[in-house]
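In: Got a predicted structure plus its sequence, pasted below:
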Amino acid sequence: MSEIQILPEHLINQIAAGEVVERPASVVKELIENAIDAGADQIFINVLEGGKQLISVLDNGQGMSPEDALMALERHATSKIKTLGDLESIQTLGFRGEALAAISAVCNFELNTCRLEDEGGFQVRVEGGKAPRTAKLGFPKGTKISVENLFFNQPARLKFLKSTKTEQLHIHELVIRQSLAHPNIQFKLTQDKQLVLNLPKGQDLLSRIADCFGSEIASELVLIEHEEGYLKFKGYFSHPAQARSSKRWQHCFVNGRWVKDRVLSQAIYEGYKTLLMKNMHPMFFMSLTIAPKEIDVNCHPAKTEIRIKNPALIHTIFSTQLQKALKEAGRRRFFTADEEAEARRGEASTVREAFMPGSPPPPQAPSKLFVEINDQLGFSGAPPKPAPKPENRPEPPRAPLNRPEPSEVLPFLAPDTPIRPQPSHLGQSSPFSAIGQLAGKYILAEGGERLILVDQHSAHERIRFEEIRGDFYAQRLSTHNLMIPLILELPPTDGLLLEQFEADWNKLGFIITPFGGNDYAVKEVPSILKDKDVGGLIRSVLDEMSRFGRSGKMEIFFNEVFERMACHSAIRAGQSLSLPEMQSLLNQLAGLDLQIHCPHGRPVLVEIGLNELDKRFKRIV
Ligand SMILES: Nc1ncnc2c1ncn2[C@@H]1O[C@H](COP(=O)(O)OP(=O)(O)OP(=O)(O)O)[C@@H](O)[C@H]1O
Ligand SMILES: [Mg+2]
């Protein structure tokens, strides 16, 4: 007799349950997703003992006929896809036809359902995957599924469940995720008879965020909406100043599905580049709608992972839009004084001029101290502006490389990389007027009924960083000729990538030529990378490009070098400044887009509003 046998159906289902049902929260997820797919706009979840004793999910969706209710518990039974073609254009959250079969194999399961057109309801009960028992009963339109004694017939899995508190937290987190993905649906969560969440239907994403996390967080978020080709996204992103030490507040939804996706999160982090402090993470709630054929959701039984067909495009669009919106938000937050406040600022500065006759030079006049510092360090772009004219700059030692056309998108750099003060901001004076210096470190300034304190080192560091970076990408910084070329042995695919994008590497100051076999000779590198691990950098960029079609590594690396250069060339804490010098620093800061954080992500300025002062002086309570 053959040793090999086909396993019995209930055992197959129990094995499959291992993939779908990891813990009570996975059951809640599958049942909520079924309710959403059934068109429900009210979903009530009731849980006892962290789901170990009971999970029930009641919805007001379309319900099932008695035949379908029985069929739904079979393995590979689904109403959501019929053909392979359907798999490529999935609009529903479920499609594998295995969740109910798997769940009902590992618990005492009860399903009650009724459609609008049915006379009465129908019940199916299954004990740990055994034959179903059915009954008729009165039931309103919709479906209620109850899962009792989860894993009662799987002692090994039961042992792995965590404390009631932990499982409750997982369920709470899961319901929050689903509710954020579908703010139009009412979600009610009761845990051990306590109503812990009651989110009304018909909300928009922002009010849902406010209900879940508090209106203070919601009010500070930056809205970003964008539509391009086959994708559309809308999201709320934290201001860099609101970054957190944990990634708990990061939510990405793709076509209504909460997902964990590296491409999306990398693109978002790239949008925040140089705005976050080390080990700090942005909060985001981002909903992406994309043509279903552009993603593959069938990568994992839990359906929380997706594969994006064109990651490079998504990466570029996301990071560019985000960076643009964050710059704008930073500008709005600190540097746009309303007309009234502007007028008051004008009055205030008149008073000060009378107080210090003849002292402040016009805002754009060069500051002696800055000129000295920058001269000493060999940087020509001495603040304050006017912006350096290219023809006044020293020629780079090697023949100038061709400047990239603005339309070109380097595969390893974001298209908006050169961040120079925008023309509209050049010559702009700050809405803040310097009034003094505190402890040799902070500049005090006032404007628009606000008092601001500027960290002089961080502020100048940000200014220098933008100048150095701008010069580099405008190819005004030099390249370095390696006397002995660096020989790199690369896998054939990486070699091909290198050759394919040769022109782009050249534009950044790299001269790399084939050296026979799989070897490549690095002959020239940007001077800023002279003593750096260039080989490691090139390899990691190629590695990322082969996986994502592009790479942000080069830019991250460059940025780190620019940060160091900026830090060394910036005025120090403890250096006393004259009022005109302080004012010129404020003016330069106002001319930049990313002025509110130093390149390490530390804040450049803090503000104290009149309201806060009035409160402190008990003028208002
Ligand atoms: N709450 C519900 N309301 C109406 N129909 C439901 C409900 N839950 C399940 N069904 C029906 O039962 C079928 C099987 O559900 P099940 O969750 O097992 O598979 P699926 O949702 O199709 O795919 P997946 O395994 O990916 O979740 C569904 O396709 C749907 O037709
Ligand atoms: Mg399902």
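Out: Sure, I can see it. Ligands and ions are numbered 1, 2, ... in the order given.

In: what's the following helix or strand after the helix or strand hosting residue 218?
Out: Secondary structure from DSSP states H and E places residue 218 in helix 215-220. Next in sequence after helix 215-220, counting helices and strands by DSSP H and E, comes strand 222-228.

In: Could you list the buried residues of that next one?
Out: Using 16 or more other C-beta atoms under 10 Å as the burial criterion, the residues of strand 222-228 that qualify are 222, 224, 226. Where C-beta positions appear, they are placed from N, C-alpha and C, glycine not excepted.

In: go on, stretch 566-581?
Out: 566-567, 569-571, 575, 577, 579-581.

In: What separation is there between the nearest residue to residue 189 once chain neighbours are set aside and residue 93?
Out: In space, not counting the residues next to it along the chain, residue 189 is nearest to residue 197; the distance is 4.0 Å by C-beta to C-beta, 6 or more residues apart in numbering. According to C-beta to C-beta, to the nearest Å, residue 197 and residue 93 sit 20 Å apart.

In: Show me which of these two is the more surrounded one.
Out: Shown here are residue 197 and residue 93; by other C-beta atoms under 10 Å, residue 93 has more neighbours (23 against 16).

In: Does that one touch residue 258 like I think?
Out: No. With contact defined as C-beta atoms under 8 Å, residue 93 does not reach residue 258; the gap is 9.5 Å.

In: pLDDT weak spots in the protein?
Out: Scanning the chain with the threshold set as pLDDT under 70 gives 1, 330-428, 475-477, 547-553, 557, 593-601.

In: For it, which helix extends over the most residues?
Out: helix 311-335 (DSSP state H).

In: Now do that helix against strand 222-228: the angle between them, please.
Out: Interaxial angle, helix 311-335 versus strand 222-228 (axes from the mean of the first three to the mean of the last three C-alpha atoms, to 10 degrees): 140 degrees.

In: From the chain's centroid, how far away is helix 311-335?
Out: 11 Å (C-alpha atoms, centre = their mean, to the nearest Å).

In: List the buried residues for it?
Out: Buried positions in helix 311-335, judged by neighbour count with 16+ other C-beta under 10 Å: 311-323, 325-327, 329-331, 334-335.

In: which among the buried residues of strand 222-228 are in contact with ligand 2?
Out: Among the buried residues of strand 222-228, no residue lies close to ligand 2 (C-beta under 5 Å from the ion).

In: residue in the chain nearest to ligand 1?
Out: Ligand 1 sits closest to residue 94 of the chain, with a gap of 2.4 Å, by C-beta to the nearest ligand atom.

In: what's that residue in contact with, if anything?
Out: Residue 94 makes contact with 30, 33-34, 37, 78, 80, 303 under the criterion C-beta atoms under 8 Å, 6 or more residues apart in numbering.

In: tell me, which of those make contact with ligand 1?
Out: Contacts with ligand 1 within these, counted by C-beta under 6 Å from any ligand atom: 30, 34, 78, 80.

In: Can you point out the buried residues in the helix holding residue 218?
Out: For helix 215-220, by 16+ other C-beta under 10 Å, it's 217-218.

In: and that helix, C-alpha only, in CSV?
Out: Output of helix 215-220 as CSV, limited to C-alpha atoms (Å, rounded to 0.1, in the frame of the first residue of the first chain):
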residue,chain,number,x,y,z
SER,A,215,-7.8,66.5,17.5
GLU,A,216,-4.4,68.0,18.5
ILE,A,217,-2.5,65.5,16.4
ALA,A,218,-5.0,65.9,13.5
SER,A,219,-4.9,69.6,13.5
GLU,A,220,-1.1,69.7,12.9
